[in-house]
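Q: Generate a structure from the sequence data that follows.
(chains A, B and C)
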Amino acid sequence: MSIDYEQELNPAQYEAVKTTEGPVLVIAGAGSGKTRTIVYRLAHLVEQGVDPAQILLLTFTRKAAQEMLHRAETILGRSLHGTSGGTFHSFAYATLRMNTHDIGYPSGFTLLDRGDSESIIRDLRKDLELGKGDKSYPKKNTMLDMVTKSRNKERTIDAIVEQEAYHLTSYVEDFETIAEEYGKYKRHHALMDYDDLLFELDRLLQENEPLRNQLQMRFRYIMVDEYQDTNLVQARIVKNLAGKNGNVMAVGDDAQSIYAFRGANVANILEYPKIFEGTKVIRLEQNYRSVQPILTMTNHILANAHTKFDKKLFSDRQSDRLPEIIYSISDQTQARLVVDKVIELSRKYLLHEIAVLFRAGYQSYHLEVALTRIGIKYQKYGGIRFHEAAHVKDVICYLRLVLNSHDTMAWQRALEHIKGVGPKTVAKIYEAMHTDGGETYLGKMRKKHAELDDLLNELDAIRATPGKPSATIDRVMAFYQPILTQKYPDDYPKRQAGLEQLSQIAANYSDLETFLGDLSLDGDPDEEKRKDNALVLSTVHSSKGLEWKAVLIIDCVEDRFPSKKSLNRPEDLEEERRLMYVACTRAMDSLHLFVPKTIYNRYNGVSDPALPSPFVLELPNHTFERLQEAYSGGLERKRRERPPSMAAPRDMEKSSTTTTDPGSLGFCRHKIFGKGKIIARVEPNKYRINFPGFGLKVIIEDYVELI
DNA sequence: GCCAGAGTCCTTTTT
DNA sequence: GGACTCTGGC
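A: Residues are numbered from 1 along each chain as shown, chains lettered A, B, ... in the order given. Next comes the predicted model:
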């Protein structure tokens, strides 16, 4: 029985599905059936007789690719086995591993995750004695940011710092040194970070013509999702894979671009028709996801964007209920109100049809406590990844050592569990293991530290009797058990449970190397749990592409959403706006924004007043219903009232030094906030400024113009 | 010289 | 809560 595509799709979607030859660009507004289009196109291709192995589907997460393939299999009633699907990074990893010889890593390479890269940076800085003893020297995190931003945006470090971190100008030379040494270190130890995966694949495609031809032949049909969040290398990779056939369909929405911080370049999608000659552009504008009142509100969020977007989404789904904006007394009571709202909604929806979204992972803390207390199951996405948890990394480092005895990162981690062994001793032991004549020293150390002897014996034993990954993990976990209980006396049972999960995931793999690669590239062991009936907590970034019946967004206040870090650059604030747009457009039936009036400051234990997010303040009154937490508890309806006075001063940085007499500094102008009154100077290089309508800000002097 | 533990500061987003 | 620095003890 064949599928009635015309019946199942609207004309624009149908057009996209039917056009299988030549380049296609689908501009798909939020909720416009983008996934559906890809799914049906997959099915259509296969129905036309295309071998599934000739299809490549690149998505933003591996989960998304799997889901689309699965849905296509369902409507098609047959397997799509052989289709390549995943993220750019996982595709690159797989391709590079099959061609280690051609890329100059004959004995393979090890993939670094963020933590590994940071550790290398930390060690390099120490070795190079950069900023020795300087407390205000940029952190490894910041340095790595500059290095990878420079790579992802393909601009010099100098340019990146000048544009995005002007206050770090004096460190540019150090960053350049670090970047260079980091590159050397990786090459020397056969390591690759996330960026290298893309650049090495790019290089391979450009330099190795036979392989390029081979891949072009193999992948006759390419689809790329979330194209607005690709960067320059990714665009080149697509171009080189597509080759002359150019049977490539890119899908995306410029209004939903939220990964500029990672080098994503909206120009990729806007200029796509220039790169692929003869591109057919198809626009999907009807929204099938949200009820009209939600779209009315989200259209307003976009309408105020500086870069104008040529879209106004519309829906057939009517509703007489407006989105709610709920003012709570504090962020702690916000948690309680959210729980109440979730309970109320859960009478109508299943728990996994409800999501609570936030800007940053740590913001769900109060809420998680409240949910646990009341016994509501939840599932968190974003924030700390499973494989980044310390105990998981511990177990992984042993596995890495099983595969590669030259993995210095892993040795460092493994050996530092031994009492009395620190960085220096680790280096010596490593040296002794890999140079002739090191046996004497090594023997001495093995005698001195029984744990070292145990570790080396265990590793030898595992290597001598190779088994399936799950068996190896079980051995490693048994070895690690005493270390775990000693290292985490407070919560080792919980961590242990996490490790059991690791072992279970490993059961699906027959090869340890693939397992470790997948784990670093979006390993999501909680996948199974999603089917359980659990409330979803997620960062907005991780909510991309998903939808829920009801969406609650917490901490819609200044410095949180938008993030404090976005205030210095207009383009960053614009991205926050799109982020808010993405968050709100996840909602199908019901949307609730929470605005706490105070935020608990963990640093000094005081609750500081908070101002509503500008994205909330600018919304016209008719687009939402305003509710206010009463001091007696419960919510009061306050439909017509304006938000509270926005000029309420607040003391943001009690610890910072304020030198000048308030009121005597005059006025200034800011690109985003307009004219403001300078209240004080904050040493060394900032001002505290009151902007009418926006409230108090602390802003770096270079970003304001004194008037 | 090296390690371990105490004290201090600051918290974005992800492959 | 984690990352980093500082300091005392071996």
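Q: okay, CA-based contacts and neighbour counts for the rest of this
A: Will do.
Q: By mean pLDDT, which helix or strand of chain A comes out lowest?
A: strand A:695-700 (a mean of 66; mean pLDDT, DSSP states H and E).
Q: Next secondary structure element downstream of it?
A: Using DSSP states H and E, the helix or strand that follows strand A:695-700 in sequence is strand A:704-706.
Q: distance of the most far-flung residue of chain A relative to its centre from A:Thr425?
A: Residue farthest from the centre of chain A, counting by Cα atoms, centre = their mean, is A:Thr440 at 47.4 Å. Separation of A:Thr440 from A:Thr425 (Cα to Cα, to the nearest Å): 15 Å.
Q: just A:Leu284 next, same as before
A: A:Leu284 is 61 Å from A:Thr425, by Cα to Cα.
Q: try A:Leu484
A: 22 Å.
Q: Now A:Tyr5, what are its backbone angles?
A: A:Tyr5 has phi and psi values of phi -60, psi -40 when expressed as degrees, to the nearest 10.
Q: What is the neighbour count of it?
A: When neighbours are counted by other Cα atoms under 10 Å, A:Tyr5 registers 17.
Q: my guess is it contacts A:Tyr14, does it?
A: Yes - using Cα atoms under 8 Å, A:Tyr5 is in contact with A:Tyr14, at 6.7 Å.
Q: now the residue in the stretch 101-250 of chain A that DNA strand B sits nearest to: how far from A:Ile553?
A: Nearest residue of the stretch 101-250 of chain A to DNA strand B, counting by Cα to the nearest atom of the strand: A:Tyr194, 5.0 Å away. For A:Tyr194, the distance to A:Ile553 equals 31 Å [Cα to Cα].
Q: quick one, which of these two is more surrounded?
A: When A:Tyr194 and A:Ile553 are compared for neighbours, A:Ile553 comes out ahead with 25 against 19, by other Cα under 10 Å.
Q: and the more buried one, what does it touch?
A: A:356-358, A:583-584, A:592-594 (Cα atoms under 8 Å, 6 or more residues apart in numbering).
Q: do that again at 6 Å, thanks
A: A:356-358, A:593 (Cα atoms under 6 Å, 6 or more residues apart in numbering).
Q: Return the set of residues that bridge with it.
A: Beta bridges link A:Ile553 to A:Leu357, A:Leu593, judged by DSSP bridges.
Q: and the longest helix along chain A, how far from the chain's centre?
A: Using DSSP state H to define each element, chain A has its longest helix at helix A:469-487. In terms of Cα atoms, centre = their mean, to the nearest Å, the centre of helix A:469-487 is found 29 Å from the chain centre.
Q: Is DNA strand C within reach of the helix or strand following it?
A: Using DSSP H and E, the helix or strand that follows helix A:469-487 towards the C-terminus is helix A:492-506. No - for helix A:492-506, no contact with DNA strand C is found by Cα under 7 Å from any atom of the strand; the gap never falls below 11.5 Å.
Q: quick check: angle from helix A:492-506 to helix A:469-487?
A: Angle, helix A:492-506 to helix A:469-487, by axes from the mean of the first three to the mean of the last three Cα atoms, to 10 degrees: 170 degrees.
Q: can you tell me the average pLDDT over helix A:492-506?
A: For helix A:492-506, mean pLDDT rounds to 79.
Q: same question, stretch A:427-435
A: 87.
Q: Within range of DNA strand C, give me the residues from chain A.
A: A:122, A:132-135, A:139-141, A:603.
Q: Show the buried residues in these.
A: A:122, A:140-141 (16 or more other Cα atoms under 10 Å).
Q: Give me the below-cutoff pLDDT ranges for the stretch 301-450 of chain A.
A: Counting by pLDDT under 70, the ranges of the stretch 301-450 of chain A that qualify are A:383.
Q: Strands of the stretch 551-700 of chain A, start to end?
A: For the stretch 551-700 of chain A, strands defined by DSSP state E, counting those that start in this stretch occupy the ranges A:587-596, A:598-601, A:606-609, A:625-629, A:635-637, A:667-670, A:674-682, A:686-691, A:695-700.
Q: Kindly compare burial across the ones you listed and name the winner.
A: The highest average neighbour count among those, using mean count of other Cα atoms under 10 Å, belongs to strand A:587-596 at a mean of 24.
Q: Using CSV, write down the CA coordinates of the strand or helix carrying A:Asp145.
A: Applying DSSP H and E as the criterion places A:Asp145 in helix A:140-153. What follows is helix A:140-153, C-alpha atoms only, in CSV (Å, rounded to 0.1, in the frame of the first residue of the first chain):
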residue,chain,number,x,y,z
LYS,A,140,41.1,27.8,31.2
ASN,A,141,37.5,27.8,30.2
THR,A,142,37.8,31.3,28.8
MET,A,143,41.0,30.5,27.0
LEU,A,144,39.5,27.4,25.4
ASP,A,145,36.5,29.5,24.4
MET,A,146,38.7,31.9,22.5
VAL,A,147,40.5,29.1,20.8
THR,A,148,37.5,27.2,19.6
LYS,A,149,35.6,30.4,18.7
SER,A,150,38.4,31.5,16.6
ARG,A,151,38.4,28.1,14.8
ASN,A,152,34.6,27.8,14.5
LYS,A,153,34.2,31.3,13.1
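Q: Which strands and helices lie in contact with it?
A: Judged by 3 or more Cα pairs under 6 Å, 6 or more residues apart in numbering; DSSP states H and E, helix A:140-153 is in contact with helix A:114-128.
Q: Which single residue in the stretch 151-300 of chain A comes nearest to DNA strand C?
A: For the stretch 151-300 of chain A, Cα to the nearest atom of the strand, closest residue to DNA strand C: A:Ile178, 13.6 Å.
Q: contacts for the host helix or strand of that residue?
A: Assigned by DSSP H and E, A:Ile178 belongs to helix A:172-188. In this structure, residues lying in contact with helix A:172-188 by Cα under 6 Å, 6+ apart are A:Val147.
Q: circling back: which helix or which strand is home to the residue farthest from the centre of chain A?
A: helix A:439-448.
Q: helices or strands up against that helix?
A: On a contact count with 3+ Cα pairs under 6 Å, 6+ apart, helix A:439-448 meets no helix or strand.
Q: change it to 8 Å
A: Where contact means 3 or more Cα pairs under 8 Å, 6 or more residues apart in numbering; DSSP states H and E, helix A:439-448 is packed against helix A:423-434, helix A:450-464.
Q: Is stretch A:567-581 positioned near DNA strand B?
A: No - using Cα under 7 Å from any atom of the strand, stretch A:567-581 never reaches DNA strand B; the gap is at least 7.8 Å.
Q: what about that stretch, distance to the chain center?
A: 16 Å.
Q: Could you do stretch A:116-129 as well?
A: Here stretch A:116-129 is found 24 Å from its chain centre; the criterion is Cα atoms, centre = their mean.
Q: For stretch A:474-489, buried residues please.
A: The neighbour-count check on stretch A:474-489 (16+ other Cα under 10 Å) flags A:474, A:476-477, A:479-480, A:483-484 as buried.
Q: cool, and stretch A:337-355?
A: Buried residues in stretch A:337-355, counted by 16+ other Cα under 10 Å: A:337-339, A:342, A:345-346, A:351-355.
Q: Output the buried residues of stretch A:474-489 in a markdown table; the columns should cover distance to DNA strand B and pLDDT.
A: Output for the buried residues of stretch A:474-489, formatted as a markdown table (distance: Cα to the nearest atom of the strand, whole Å; pLDDT from 0 to 100):
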| residue | distance to DNA strand B | pLDDT |
| --- | --- | --- |
| A:Asp474 | 26 | 88 |
| A:Val476 | 22 | 89 |
| A:Met477 | 22 | 89 |
| A:Phe479 | 19 | 89 |
| A:Tyr480 | 17 | 88 |
| A:Ile483 | 13 | 84 |
| A:Leu484 | 15 | 83 |
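Q: what's around A:Arg218, how many residues?
A: With other Cα under 10 Å as criterion, A:Arg218 counts 15.
Q: for it, what are its contacts?
A: Contacts for A:Arg218 (Cα under 8 Å, 6+ apart) come out as A:53-54.
Q: at 10 Å instead, please
A: Neighbouring residues of A:Arg218 by Cα atoms under 10 Å, 6 or more residues apart in numbering: A:51, A:53-56, A:212, A:241.
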